[in-house]
Structure formats: C-alpha cells, structure tokens
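# Below is the structure, and that's it, no one-letter string:
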DNA sequence: TCAGTTGTGGAATGGATCGTCCATAACGTA
DNA sequence: TACGTTATGGACGATCCATTCCACAACTGA
C-alpha cells in the first residue's frame, strides 16, 4: 500500500561504493553520494541510516565480493589444476592492481587503513576477510602439494600466508607508485619461487629468470596499459 | 632581534606525526595538533603554513626515515653477510608490524592510501620511497648472489620487488587483522623461499626449490576489481 | 631602558557538512 | 475515486573545522 521505492538499492550501493572508493570515507560527502545516485538526502538517510552505516554496508559487500572472486578462482577443481588456479588468481589480482590507473587501490585496503583502528566493525570485517582468503589459499596449496606441484614438506599454512601477503602487497606497492609491469612481474616471481618438490635442493637455473623468456605469462588484452601517468 | 621560538620544531613535528598517524589526515584536526603540541594555532600556522603543508612535511620526514632504516640495515657490508642483512631487515619490518598493537600501520601506507590519488606530492614522495627501497634491496640481493647465498640465475630486480612487496604486504595484512605470530612467520617463509643455489637449507618448512610457473592461462574474466558492476 | 620585531595563543570568521524536517508526490487498497 | 502510508528531495539548523586576526609577550640591539 505504501509508495514503492523509485530506486534500485543495489545500484545506489554501487554508486556509493564508487564515491567511497574514489575519495575515502572522510573525504566523501553525503551530498556527493546524493548527487551521484540522484537520490535526495531524505531518501538516502531513510534507506540506509547514516553515513557510517552506509559505509559499513558498502564495505561489507566489497569484502564479500573479494572472497567470492577468490572462491570462483580457487575453490574446487582437480588437484592437478590447483597450481594453475593459484597462478590464475595471483595473476588476476596483479592485473587488477596494474590496471588501476587511477590509483584507487582496493576499497578493503583503503577502508582498513582509514578506519580499522577506530571502527571495530571495519576491523572485524577485514580480519574475517583475510582469514577467509587464507583458508582458500591454504586449501589450494594443499591440493597442489597432493598433486606434487608444490613441495609437500612445506607448510601450506605458511605458504598461504605468504601468497596472501604478496597479493595484498602488490596492491600496496601499486598504490605507492610502482609501475604496472613491475606489479605483473612480482606475481610471476612469487609463483616461481614456490618450493617445488623433487628431491631436495638441486640448483635450478632459470627459476626466476631475468625475464625475456617465455616465463612471463602474457595477459590477454588488458584494459589499460599506460606507464603511469596517474594523476 | 626578534623574539625567539619557544618550541622545538622537531618535537612539534613528532607530535604532529603521532596525530596524523593515529587518526589519518582528514581525521586529524588542527586543534588536536595544537593541543598535542601545546602550541597555539597562530604559532602552528606561522611555523608550518597550513594543514596540508604540515602533513607533507611530516610525511616526507617519515619517508626519509623509512629509507634510512633500510639503509642502516642493508647498505654496505661484506657480501658474505648480505643475506643476513636482508633477513635482518625483513624480520625487523615484520616485527614492527607485529608489535603494532594499535593497528596504526605505517604512515607511509596510510598516507598513500588516503591521499596518493588526489595529492601529487604524496604520490610522488611515496613512489620515490618505493624506488629507493627497491634499489637497496636489489643491491643487497646481488651481493648475496655474488657470495653464493642466492641463486645467481635469478633476476635480482625481480627478487627485490618481491621482497619489497612482502614487506609492504606484511604491513597491510597486519593492519587488516592477521595476528603477530603469523606476520613473523610470513617473513620467515619469504626468506626461506628465496632461490638458493646448490647447497641447502633443509630446516625451513619451505626448503627452497625455485620453480617456473606454468604460465598463466585464462583470461581474467573481470578486467576490474572484485565487485563486478552489473550496471 | 626603549623601540622594533617576531612569536604566542585564544577568540572570531567563514565555509562546509551531517543529519533532520516537512510539504508534497506516488502508489495500493477499500 | 478517496484515503492512508511511505518515498522524495530540497531547505534548514546545528555543529565542526581550517584559517585568520589581534592584542599581548618576549627578546635583542641600540
């Protein structure tokens, strides 16, 4: 019987996310969001509470999505392809960071950096997300170990933590200014450096090669390519 | 002939840094800084210009310090100890992150996350800092290679980028909520995983065997970050 | 000791921002 | 069709905050 909403909640959240993503929590005005979404302040407040509630909503959705992307790439599948799945995931994350010419970084990192200290909700949600990612990676590493692609003597928990760190680190150094090509190389190197099985410590020339070989996976049609120019 | 300043500039900058560090740029009020330093607003503005100038000063000093710490730990010394220096540095960084119970993270990361996108000064300074760290690490890795502690077939540039990423990543995942013990383990694992030439370090969980990644296959289904816009 | 110059700190200013309010619009139901 | 309910959006109020201003203090050189 009441008048129905004239907006699509998901779409509004998306626009709000764009704003928070672009300018951070404190740097985003509710008026900006109102304008970006076309909603009036009344509707905005009526539907989402206040600024911090809205942000929590956006942030939570983002975290969910981050884990979902990881699940899509990682969860399930034959052990034989576990290493390929890991590789695909790490490269995908690097590619995301590399193509982020606007230097917005990841909302998860940005939000955590800005708010985790004083906002328990944000802190908790980001910690949860890290744990979930860690679990996914560990599972996949174990699978690769079972299949003999990774040295089974290695602790999957530790390797998972390392990979997670690399993934988040790529995002961080990317935001700090390293160029896209370097970011892609980092992903490569991290994967190349994973301990392979095969009786001990034989020398492996060509492991982390000075590039120029086929060791660099070609990333199919990138959306962006420019050197840096982010301003 | 003029009245001399009654405050120590360095000390004021230190207090200001504490504030910015704790609450971020937007979250810090000039009144906070005035109170924290005991200075009046007049003195503050008279001495440092405005809020952004003050932050740039603090941020710049921080970046300088970050590089200096790295130099202290890394620069110079016999090749024979290069790997030990690297290890010391990485562990120090992990320890810093691990002991940061207040979750303040690093001002460099925090500042870059909050401002790099819109503030060219911050962006430039953080990029410089990354490059400087990268150079230090690369030099040290080369030294370790000369001494035979790291596989000389590996590209020092790439390994340096990987280590930098791990160091910054530890900071990031720490802020995101991983526990101190895990952070320390990550540093361990990252070092253990560096490609060793012939002889072996079998004690570590990740007894190292360089591996070439079977290059990345599939096309990233999403050119952009996690949340997939349905538009 | 005196005058001139600069530092000091708190009050005042001006602009921006969050959140509320309210008159009105739009819809379902009787 | 008329009514009740909720959505809408722009105006409003209160607060906050960066910055300026100013009266006064402290110091130095003459």
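Received, thanks. As the structure is a prediction and not an experimental result, all values here were calculated from the model. Residues are numbered from 1 along each chain as shown, chains lettered A, B, ... in the order given.

# can you tell if the helix or strand encompassing residue A:144 touches DNA strand C?
With elements taken from DSSP states H and E, the one containing residue A:144 is helix A:120-146. No - judged by CB under 7 Å from any atom of the strand, helix A:120-146 stays clear of DNA strand C, getting no closer than 14.4 Å. The way it works is simple: take the backbone N, C-alpha and C, and place the C-beta from them, glycine included.

# That helix: what's the following helix or strand?
Assignment by DSSP H and E places the next element after helix A:120-146 at helix A:156-176.

# got the angle between that next one and helix B:120-146?
Put simply, helix A:156-176 runs at 130 degrees to helix B:120-146, going by axes from the mean of the first three to the mean of the last three CA atoms, to 10 degrees.

# Now do the buried residues in stretch A:66-83.
For stretch A:66-83, the neighbour count (16 or more other CB atoms under 10 Å in any protein chain shown) marks A:66, A:67, A:69, A:70, A:73, A:74, A:81, A:82, A:83 as buried.

# oh, I was asking about stretch A:99-113
Using 16+ other CB under 10 Å as the burial criterion, the residues of stretch A:99-113 that qualify are A:99-101, A:103-113.

# Could you restrict the buried residues of stretch A:66-83 to the ones contacting chain B?
When contact is defined as CB under 8 Å from any CB of the partner chain, the buried residues of stretch A:66-83 meet chain B at A:66, A:69, A:83.

# Give me the pLDDT value at the second one.
With respect to pLDDT, residue A:69 has a value of 96.

# tilt between the helix or strand containing it and helix A:120-146?
Taking DSSP H and E as the criterion, the element that holds residue A:69 is helix A:51-74. Here helix A:51-74 runs at 0 degrees with respect to helix A:120-146, directions being taken by the same axes, to 10 degrees.

# Check whether helix A:51-74 comes into contact with DNA strand C.
Yes - in terms of CB under 7 Å from any atom of the strand, part of helix A:51-74 sits within range of DNA strand C, namely A:51, A:52.

# got the contact list for that helix?
Taking CB atoms under 8 Å, 6 or more residues apart in numbering or on different chains as the criterion, the residues outside helix A:51-74 that touch it are A:13, A:16-17, A:20, A:25, A:30, A:33, A:44, A:48, A:85-86, A:88-89, A:92, A:106-108, A:111, A:119, A:121-122, A:125-126, A:128-129, A:132-133, A:136-137, A:139-140, B:221-222, B:226-228.

# now for the helix or strand that comes right after that helix, which elements pack on it?
Proceeding N to C from helix A:51-74, the next assigned helix or strand is helix A:82-98, under DSSP H and E. Contact here means 3 or more CB pairs under 8 Å, 6 or more residues apart in numbering or on different chains; DSSP states H and E; on that basis helix A:82-98 packs against helix A:51-74, helix A:120-146, helix A:156-176, helix A:180-192.

# so after helix A:82-98, what's the next helix or strand?
Elements were assigned by DSSP H and E; along the chain past helix A:82-98, the next helix or strand is helix A:107-115.

# is any part of that next one close to chain B?
Yes - shown here: helix A:107-115 in contact with chain B (CB under 8 Å from any CB) through A:107, A:108, A:109, A:110, A:112, A:113, A:114.

# how about the fourth one, what does it touch?
Contacts here follow CB under 8 Å, 6+ apart; on that basis residue A:110 touches A:21, A:24, A:104, B:113, B:114.

# can you put the ones next to chain B among the buried residues of stretch A:66-83 in JSON lines and add distance to residue A:165?
JSON lines is the format used below for these (distance: CB to CB, whole Å):
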{"residue": "A:66", "distance to residue A:165": "15"}
{"residue": "A:69", "distance to residue A:165": "18"}
{"residue": "A:83", "distance to residue A:165": "19"}
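
# I'd like to know which of those residues is nearest to DNA strand C.
Among those, residue A:66 lies closest to DNA strand C (CB to the nearest atom of the strand), at 25.3 Å.

# ok now stretch A:67-81, how far from the chain's centre?
Between the centre of stretch A:67-81 and the centre of its host chain there is 15 Å, according to CA atoms, centre = their mean, to the nearest Å.

# quick one: which helix or strand includes residue A:195?
Counting by DSSP H and E, residue A:195 is found in no helix or strand.

# ok, it - how many residues close by?
When neighbours are defined as other CB atoms under 10 Å in any protein chain shown, residue A:195 has 25 of them.

# Distance of the nearest residue to it once chain neighbours are set aside relative to residue B:45?
The shortest distance from residue A:195 to any residue other than its chain neighbours is 3.9 Å, reached at residue A:151 (CB to CB, 6 or more residues apart in numbering or on different chains). When distance is defined by CB to CB, to the nearest Å, residue A:151 is 60 Å away from residue B:45.

# I am finished for the moment; much appreciated.
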